[in-house]
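Novice: this is the structure alone, sequence omitted:
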């Protein structure tokens, strides 16, 4: 399965002993992404043996410290490890200014290109490669905040090696695209379905960081394979959620149900909740396929 | 013993699994200080059960990330914990700008006064209270960098309760100061040494963060009770120390010997050295009272 999410940190802004703030590592095919980067991210990447230097891009939802304070140390360590590969950074405007100022005062000169891309409070494709797109999901928090939706593109159809014939070879690129192959007269000589196999499904992952409940997201997130949603508070503390522009366990589960998500992962739990099983039980009652974003947990779409 | 140093982090800029960058907690009588504040400091303060909210001041040696990147998260968490007590921050100019920018973008409004004091590359008393002074020690690193020397003032002499007499009571403040008490005619009626006890010695602690070897510090640090000195490299790697403006184990020990320090604590070891006992052995051969700045280790002066 080359679609894999690893949770590095998942607690809300006041970390407890052994708990780290939001940070996730997402691998899609051969592409590697970090989503949010709480303090200690570089430690967690090492702890869980994730290939930091292979990161293609970092996506930061918003500029509360518990979502980005690990970034400067991570960039600095990648530099000391002699990274040369470019890194793309997607974040609200302001993070570029902070990092530039930190590098100025430490007299750090990066040995790799760091490309900053400012996100806006809108739904827009901000990243694309041959395998996937990433788009922003506008959220509603106390400061500008976006989630991210990663969608795999339709995959090439693998050639069925048992059916391989010499004459087919020039037509392989078209067959992989799903086309039938015809001769000059228009007669089909290779029917696609006879010579190719169905590719594995194209998956999607939505990351909904700190936000007030946004029920209208059910439509754009319809059918998402994995949905991470913050659930800072339990249902009984819904008023605190509203006051602080956060969501509850129940709201996260309602969104997963309405969006017909295949799997829900909840995190960003307040440090006031010590028994995470109890905290998650409220969501599971509404959406049974709910999982806790525990540190080190690895999630893949339902096959 | 109300003079106590706890090591929270002590490795050089590339943290290994379970190793944290420079951060120390110093308690002198009822005053609490943080010295440097590497990434993860707030986690380590909790792990070692140190009273974060009692901190009076934070001293930052220089603006390389491994010495201050934990500060913003720590300040933010103190704010969420409703700290009201003022906090003094001593650091090279620039850190105020970084923290102000981070707070602007996160729309954080502190509920306590944060007083920034810019350090300069000079020897100067920068902090003083009834119990102690703290002064800067100019060091030589790739960017502006200061160590810190904490010195207890002479303590009041405790009254010997076995010798307490009613007539003495009005004279107690003067007796505590070490004075003899005379009557109107000038005749000594209470000899200080008969009524007071010697106070515990006044101790000192010098923190020498990242620096090229500075043998001339032996004079200003003469007789220091505890000396922390960086020892990023072993003697065989002395050329890397010179190139990167760092010191070796042997140089740290030579300074401790020349300064006639009572105790040497070495840290900021490069991640290339896996066996810290071997790394420290070089220093111990020159200065036997050498200790490794291991995380969680607590040091007090030799009584």
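Specialist: The structure has been received and is ready for your questions. As the structure is a computational prediction, the values presented were derived from the model and not from experiment.
Novice: domains for chain A, by residue range?
Specialist: A:3-155+A:200-299, A:161-195 (automatic domain parsing).
Novice: and those, which is most packed in?
Specialist: Of the domains of chain A, the one with the most neighbours on average (mean count of other C-beta atoms under 10 Å in any protein chain shown) is domain A:3-155+A:200-299, at a mean of 20. Every C-beta, even on glycine, is put in place using the N, C-alpha and C of the backbone.
Novice: now that domain: how far from the chain's centre is it?
Specialist: Computed by C-alpha atoms, centre = their mean, to the nearest Å, the separation of domain A:3-155+A:200-299 from the middle of its chain amounts to 6 Å.
Novice: could you report the pLDDT at the residue of the stretch 101-250 of chain A found nearest chain B?
Specialist: When you check the stretch 101-250 of chain A against chain B by C-beta to the nearest C-beta, the closest residue turns out to be residue A:105, at 4.0 Å. Turning to residue A:105, the model gives it a pLDDT of 97.
Novice: give me phi/psi at residue A:177?
Specialist: The phi and psi values for residue A:177, taken as degrees, to the nearest 10, are phi -80, psi -10.
Novice: same question for residue A:268.
Specialist: Residue A:268 has phi and psi values of phi 60, psi 40 when expressed as degrees, to the nearest 10.
Novice: and the closest residue to it other than its chain neighbours, what are its bridge partners?
Specialist: Spatial nearest neighbour of residue A:268, excluding adjacent residues (C-beta to C-beta, 6 or more residues apart in numbering or on different chains): residue A:230 at 3.8 Å. The partner list for residue A:230 in beta bridges (DSSP bridges) reads residue A:267.
Novice: distance of residue A:230 from residue A:251?
Specialist: Distance, residue A:230 to residue A:251, using C-beta to C-beta, to the nearest Å: 9 Å.
Novice: and the residue of the stretch 101-250 of chain A closest to chain B, what element?
Specialist: When secondary structure is defined by DSSP states H and E, residue A:105 falls within helix A:95-106.
Novice: residues in contact with that helix?
Specialist: With C-beta atoms under 8 Å, 6 or more residues apart in numbering or on different chains as the contact definition, helix A:95-106 has outside contacts at A:60, A:63, A:68, A:71-72, A:75-76, A:89, A:108-110, A:114, A:116, A:118, B:63-65, B:92, B:94-95, B:97-98, B:101-102, B:105, B:143.
Novice: residues from chain A in reach of chain B?
Specialist: By C-beta under 8 Å from any C-beta of the partner chain, the part of chain A that sits against chain B consists of A:13-18, A:20, A:39-40, A:42-43, A:46-47, A:63-66, A:69-70, A:72-73, A:76-77, A:80-81, A:92, A:94-95, A:97-98, A:101-102, A:104-108, A:142-143.
Novice: now, these that are in helices?
Specialist: When the residues of chain A next to chain B are checked against helices (DSSP state H), the matches are A:42-43, A:46-47, A:72-73, A:76-77, A:80, A:95, A:97-98, A:101-102, A:104-106.
Novice: so how far is residue B:195 from the residue of chain A lying at maximal distance from its centre?
Specialist: Relative to the centre of chain A, the most outlying C-alpha is that of residue A:185, 47.8 Å out, by C-alpha atoms, centre = their mean. Distance, residue A:185 to residue B:195, by C-beta to C-beta: 121 Å.
Novice: please apply the same query to residue A:33.
Specialist: Between residue A:33 and residue B:195 the distance is 73 Å, computed by C-beta to C-beta.
Novice: spatially nearest residue to residue A:53 (excluding sequence neighbours)?
Specialist: The spatially closest residue to residue A:53, leaving aside those adjacent along the chain, is residue A:83, at 5.5 Å (C-beta to C-beta, 6+ apart).
Novice: and for residue A:299?
Specialist: Distance criterion C-beta to C-beta, 6+ apart; nearest residue to residue A:299, sequence neighbours excluded, is residue A:5 at 4.6 Å.
Novice: okay, and the one you found sits in which element?
Specialist: Here residue A:5 is covered by strand A:3-9, with elements defined by DSSP H and E.
Novice: and that strand, which strands flank it?
Specialist: strand A:23-28 (antiparallel), strand A:298-299 (antiparallel).
Novice: any idea of the mean pLDDT for it?
Specialist: 97.
Novice: list the contacts for the nearest residue to residue A:210 once chain neighbours are set aside?
Specialist: Among residues not flanking residue A:210 along the chain, residue A:141 sits closest, at 4.6 Å (C-beta to C-beta, 6+ apart). Remark: with contacts taken as C-beta under 8 Å, 6+ apart, residue A:141 is in contact with A:62, A:209-212, A:245-246.
Novice: where is pLDDT lowest across those residues?
Specialist: Confidence by pLDDT is poorest for residue A:209 among the contacts of residue A:141, given 93.
Novice: just the helices in the stretch 151-300 of chain A please.
Specialist: Counting by DSSP state H, counting those that start in this stretch, one finds helices in the stretch 151-300 of chain A at the ranges A:172-177, A:192-195, A:238-244, A:249-258, A:276-286.
Novice: what lies in contact with the first helix or strand past the helix holding residue A:105 going along the chain?
Specialist: Reading on from helix A:95-106 to the C-terminus, the next helix or strand found by DSSP H and E is strand A:114-119. Contacts with strand A:114-119, where a contact means C-beta under 8 Å, 6+ apart, come from A:75, A:86-93, A:95-96, A:99, A:126-127, A:136, A:146.
Novice: can we see that at 6 Å?
Specialist: Here strand A:114-119 makes contact (C-beta atoms under 6 Å, 6 or more residues apart in numbering or on different chains) with A:87-90, A:92-93, A:96, A:136, A:146.
Novice: looking at these, which are in strands?
Specialist: Per DSSP state E, strands hold the following members of these: A:87-90, A:92, A:136, A:146.
Novice: so which of those residues would you say is closest to chain B?
Specialist: The shortest gap between chain B and any of those belongs to residue A:92, at 7.8 Å (C-beta to the nearest C-beta).
Novice: confidence score at the residue lying closest to the closest one once chain neighbours are set aside?
Specialist: Here the nearest residue to residue A:92 in space, its sequence neighbours aside, is residue A:144; by C-beta to C-beta, 6+ apart that works out to 4.8 Å. According to the predicted model, the pLDDT of residue A:144 comes to 97.
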